[in-house]
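# Got a sequence here, can you build the structure:
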Amino acid sequence: MQIYSIFMLSISLFFTSFSSYATNQIDSYSKSASLIENAYNLYQHRNTNKILKSRKFSIDSATDLWKLPPSTFQLNLNTQHPRVKKEIKILLNNSQFISRSSYRARPYYRYILKRISHKRLPAELALLPFIESGYNSKAISSANAKGTWQFIPSTAAHFGLKDTQWYDARGDILVSTEAALTYLTQLNRRFDGDWLLALAAYNCGPTCVTDAQKKNRDKGKRTNFWALELPFETRRYVPKFLAINAIIQNASRYTIRLEPLPNKKFFDVITIPGQMNLSVAANLAGIPLLKLTSLNAGIKHQYTDPKGPHRLLIPVANSVRFRKQLLLLPKPANITKQKAPRYETQTIDLTRSIHKASKITAISSRNNKPATSFCSIAKAGMHTKKVDFNRWGQSMSNQTYLRPNQTLIMHARNSTRASLLPISFA
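Below is the predicted model of the structure:
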């Protein structure tokens, strides 16, 4: 009986110990499972590019802004997705686009990166202007979207980007960048942190994306970006954004050579006392007028807007000189009140085809008058040069041929009527 009692006690102790061990093992397993699940959820969170609040990053340690450390970036670029792989291939076959865009980005890329970091957004967004405008602050689309961030008029007005006779804020890198980042932040929140959907909405509008989601939801389909039936341009837009990021972040792997971009401030923002002639400003800074107008692409004409903003972007290397010369400039020459030029238009009818050898040369006539050139128009009192047409948004420098019935916009400075001036482009 005593032996039996000892035996039963031993069994009881064994099962108690086993139960305790099993409980501990279960607890340990539960904790491990929880950690694994959390890790998987984090992976899924990243894999779907859902980031409601991005971490703040720093570029202070970078010497070449095209070679930021991997820790700077947060989005999953989906480089194995067929649509992304296709866009990578297209971009690599058009290395000139990457070269031109990266060159145009040089004055602004550092500024935009810093603003993105300040707003706690993904660093990858600094490359969005590559696919929006090729980082061209004067870019104009067929839908009348303008500037580096390509705002259409209605969206620009919604975000307070003013458009006057003198100034279009869409071309102003400072205010247009603030508006673009604010808009992207709003879209990200609207789509629960999903950056792919937010970017799609930036391209085609949020209603377009939500409508596509509703259609899929009604059919029992997934509602992520890759599953949606969106406009053709938007279906390419997001993969192209991921592709350009993949290429820039891994330039050496793709054998793309990017000219080093020093981590140095490119421009200073300098307050001016009032409306100012850009030719005068360029002379004060000691830079070509074209460089000044490129940095200040929001200014439409030869003069800044009399109602502001009263500031100019001046290259850092020239800002000290500009400030000193500005103080020495007599007030009458410094502040000049000008009337905005009137718009005059004329339709052009081509009378003969343009040959390759003559490139952008066209002969036209109107009202039985002989063809004239831009020089003739200037002599007639229009004060117009070929470069003016480029600056006024005609993009003639990128156009090989004039089109029949094309309308050219001129800024007349006297009562001469454009309808009396037949035009040729030569």
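
# Tell me where the model's unsure across the stretch 1-150 of the chain.
By pLDDT under 70, the low-scoring segments of the stretch 1-150 of the chain are 1-48, 52-53.

# quick one, helices of it?
2-47, 82-92, 95-105, 109-118, 128-133 (DSSP state H, counting those that start in this stretch).

# Now the third one: buried residues?
If I follow you right, that is helix 95-105. By neighbour count on 16 or more other CB atoms under 10 Å, the buried set for helix 95-105 is Ile98, Ser101, Ser102, Arg104, Ala105. Using the backbone N, CA and C atoms, a C-beta is placed for each residue, glycine as well.

# quick one, what contacts Leu199?
Contacts here follow CB atoms under 8 Å, 6 or more residues apart in numbering; on that basis Leu199 touches Leu128, Leu184, Leu187, Tyr237, Val238, Phe241.

# Wait, the second one touches Pro122, no?
No - Leu184 is beyond contact range of Pro122, at 9.4 Å (criterion: CB atoms under 8 Å).

# Let me have the buried residues of helix 95-105 in JSON lines, adding distance to Arg321 as columns.
JSON lines is the format used below for those (distance: CB to CB, whole Å):
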{"residue": "Ile98", "distance to Arg321": "34"}
{"residue": "Ser101", "distance to Arg321": "30"}
{"residue": "Ser102", "distance to Arg321": "28"}
{"residue": "Arg104", "distance to Arg321": "25"}
{"residue": "Ala105", "distance to Arg321": "25"}
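
# Could you list the buried residues of stretch 68-82?
Leu68, Thr72, Gln74, Leu75, Asn76, Leu77, Asn78.

# Distance of the third one relative to Leu128?
It refers to Gln74. Gln74 sits at a distance of 14 Å from Leu128 (criterion: CB to CB, to the nearest Å).

# Next one: the residue lying closest to Lys221 once chain neighbours are set aside relative to Thr79, how far apart?
Nearest non-adjacent residue to Lys221, counting by CB to CB, 6 or more residues apart in numbering: Ala227, 5.8 Å away. The gap separating Ala227 from Thr79 is 19 Å, by CB to CB.

# Ok, Arg104 next?
Distance from Arg104 to Thr79, counting by CB to CB: 25 Å.

# now swap in Lys114 and tell me
27 Å.

# which residues does the residue nearest to Ile173 when sequence neighbours are not counted contact?
Nearest residue to Ile173 in three dimensions, chain neighbours excluded: Tyr108, at 5.4 Å (CB to CB, 6+ apart). Residues near Tyr108 by CB under 8 Å, 6+ apart: Pro129, Tyr135, Ser137, Thr148, Ile173, Thr177, Phe266.

# Ala200: which of those is nearest?
Pro129 (16.9 Å; CB to CB).

# what's around that closest one, how many residues?
The tally of other residues near Pro129 (other CB atoms under 10 Å) stands at 27.

# got it, and Pro315?
Close neighbours of Pro315, defined as other CB under 10 Å, add up to 18.

# Quick check: phi and psi on it?
Dihedral pair for Pro315: phi -50, psi 140, per degrees, to the nearest 10.

# For it, which residues count as its bridge partners?
Counting by DSSP bridges, Pro315 is bridged to Phe267.

# That one is in contact with Lys291, isn't it?
Yes - when contacts are counted by CB under 8 Å, Pro315 is listed as touching Lys291 (7.4 Å).

# before we move on, the earlier item: Throw the contacts of Leu199 into a markdown table and include distance to Lys307 and secondary structure, thanks.
Shown next, in a markdown table, are the contacts of Leu199 (distance: CB to CB, whole Å; DSSP: H, G, I helix; E, B strand; the rest coil):
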| residue | distance to Lys307 | secondary structure |
| --- | --- | --- |
| Leu128 | 30 | helix |
| Leu184 | 29 | helix |
| Leu187 | 31 | helix |
| Tyr237 | 36 | helix |
| Val238 | 39 | helix |
| Phe241 | 36 | helix |
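
# Buried only: go through those residues for me.
Buried residues within the contacts of Leu199, counting neighbours by 16+ other CB under 10 Å: Leu128, Leu184, Leu187, Tyr237, Val238, Phe241.

# Now flag whichever of those residues is closest to Ala282.
Among those, Leu128 lies closest to Ala282 (CB to CB), at 30.2 Å.

# From Ile88, how far out is the closest residue to that closest one other than its chain neighbours?
With CB to CB, 6+ apart as the criterion, Leu128 has its nearest non-adjacent residue at 6.3 Å, and that residue is Phe241. Distance of Phe241 to Ile88, computed by CB to CB: 12 Å.

# Next up, the contacts around the closest residue to Ile112 other than its chain neighbours.
Using CB to CB, 6+ apart and skipping the chain neighbours, the partner closest in space to Ile112 is Ala126 (5.0 Å). With CB under 8 Å, 6+ apart as the criterion, the residues that contact Ala126 are Tyr109, Ile112, Leu113, Ile116.
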